[in-house]
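K.L.:
3D model of this:
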Amino acid sequence: MRSSPEKVFEYFASFRTPDGELFMTPADLVRAVVPVFPPPDSNIVRDGSLRGERSPGELHCPQSELFMRFDTNGDGLISFPEYIFFVTLLSIPESDILAAIKMFDLDRNGEIKKEEFKKVMKFLRANNRQGSAQRDGLRIGLKVDNSVDNGGIVEYFFGKDGKGHLQLMNFAQFVKDLHKEITRLEFLHYDHQGRGSISARDFALSMVAAADVICVNRYLDRVDDLSKDPSLSNIHITREEFENFAELRKKLQPLSLAISSYGGVYGILTKSDFRRAASHVCDVDVTENMVDIIFYIFDINNDGNLSTDEFLAVLERRERDIAYPIESGIIHLLTSWWKCAKDCCSALNN
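P.N.:
Below you'll find the model as predicted:
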């Protein structure tokens, strides 16, 4: 069972006004969206009591101009409506961005108006775990001034008077940049000393941070063991390698099919097989160092082989925690998009 967006927001929001309204800082927003463990050589933590975390302390978040576009009044704080807006945009798979938005470009001029955009966002919230779990953007039992549709970056897209038009290609690029920014900030969380690379242990922690709580202790034991292996403990992962692994997560379906079918036919998946699957099937370069760490952490039986199901389950859970549709399947999504687009057209014409 997953927590409601209200609970997530309350858990991570660190700023409360005198009249009781909660707000997130940019650092709060990062840790609410990205599962992270503290780097072992720092006092950076996120709130919580999972094994592997120290007592609560301050989490540093590098400056993010992109994030602050959600802060429409410039106070450096993010409200609940702005948070819901953020996670809704983040839930859109990059491969589906244009498909989702083009369905609402009924006159095919490559842009949409504010009211059309609000219809799109309403639909996307209804098909996203975080968005669908809240009621009209208002937190029950908590003080909040605005609804979801009046928060976030609507003003950034359409201007203060709301009469601007949003170019579809610009919106698609914005969402892509948002995904990249999440990856950048996650990497910088572990590279808090600005070295341009992170340790093998930190890379391993970033992989297992999204694991189910039932399994996480087993993976953390493997992380601890990795630190004692001199052939692995001295490995460092660059930002480019980290970003490539994030790209691989987004292509989970073809990766899963490739390595599961190959292992099923030949009985074993070697490290070179894994790299070939990533390169040939997913068009992602995975280095030997990355594969060595992946195979070590997800070799649950200590037989030198990758426990494919365990590896894929952790990656799937990471991606699902963001996107997590109410119903799955392309037919359902396309049907819902078209119905919503027609409703949008009817509403605008009336």
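K.L.:
switch to C-alpha atoms for all contacts and neighbour counts from now on
P.N.:
Fine.
K.L.:
From the chain's centroid, how far away is the host helix or strand of Asn170?
P.N.:
Using DSSP states H and E, Asn170 maps to helix 168-190. Relative to its chain's centre, helix 168-190 lies at 9 Å (CA atoms, centre = their mean, to the nearest Å).
K.L.:
Buried residues in the helix or strand following that helix, which are they?
P.N.:
Remark: after helix 168-190, the chain's next helix or strand is strand 197-199, criterion DSSP H and E. Buried residues in strand 197-199, defined by neighbour count with 16 or more other CA atoms under 10 Å: 197-199.
K.L.:
and strand 197-199, what does it pack onto?
P.N.:
If contacts are counted by 3 or more CA pairs under 8 Å, 6 or more residues apart in numbering; DSSP states H and E, strand 197-199 sits against strand 236-238.
K.L.:
Could you look up the next helix or strand downstream of the strand it packs on?
P.N.:
Next along from strand 236-238, by DSSP H and E: helix 239-250.
K.L.:
So the residue nearest to Ser279 when sequence neighbours are not counted, which state does it fall into?
P.N.:
Of all residues not flanking Ser279 in the chain, Asp285 sits nearest, at 5.4 Å (CA to CA, 6 or more residues apart in numbering). Three-state assignment for Asp285 (DSSP: H, G, I helix; E, B strand; the rest coil): coil.
K.L.:
what's around Asp285, how many residues?
P.N.:
Asp285 is flanked by 18 other residues according to other CA atoms under 10 Å.
K.L.:
My guess is it contacts Phe242. True?
P.N.:
No. Applying CA atoms under 8 Å as the test, Asp285 and Phe242 come out as separate, 10.8 Å apart.
K.L.:
low pLDDT regions in the stretch 1-150 of the chain?
P.N.:
Applying pLDDT under 70 to the stretch 1-150 of the chain flags residues 1-3, 40-74, 94-95, 100, 127-150.
K.L.:
now with 50?
P.N.:
1, 45-57, 59, 131, 135-137, 139-141 (pLDDT under 50).
K.L.:
where along it do the helices fall?
P.N.:
Listed in chain order, the helices of the stretch 1-150 of the chain (DSSP state H, counting those that start in this stretch) span 5-12, 26-33, 80-90, 97-102, 114-126, 129-132.
K.L.:
looking at those, which is closest to Asp221?
P.N.:
Closest approach to Asp221 among the helices of the stretch 1-150 of the chain (CA to CA): helix 26-33, 23.0 Å.
K.L.:
Work out the gap between that closest one and the centre of the chain.
P.N.:
The answer for helix 26-33 is 11 Å, by CA atoms, centre = their mean.
K.L.:
angle of that helix against helix 80-90?
P.N.:
50 degrees (axes from the mean of the first three to the mean of the last three CA atoms, to 10 degrees).
K.L.:
Let me see the mean pLDDT of the helix or strand in which Phe311 is found.
P.N.:
According to DSSP H and E, Phe311 maps onto helix 308-320. Average pLDDT, helix 308-320: 86.
K.L.:
got the contact list for it?
P.N.:
207-208, 210-212, 249-250, 252, 256, 259-260, 298 (CA atoms under 8 Å, 6 or more residues apart in numbering).
K.L.:
try 6 Å
P.N.:
Helix 308-320 is contacted by residues 210-211, 298 when judged by CA atoms under 6 Å, 6 or more residues apart in numbering.
K.L.:
Now rank these by neighbours and give me the top one.
P.N.:
The contacts of helix 308-320, ranked by neighbours (other CA under 10 Å): first place Phe298, 25 neighbours.
K.L.:
mind checking how far that residue is from Asn170?
P.N.:
39 Å (CA to CA, to the nearest Å).
K.L.:
tell me which residues in the helix holding Asn170 are buried?
P.N.:
168, 171-172, 175-176, 178-179, 181-190.
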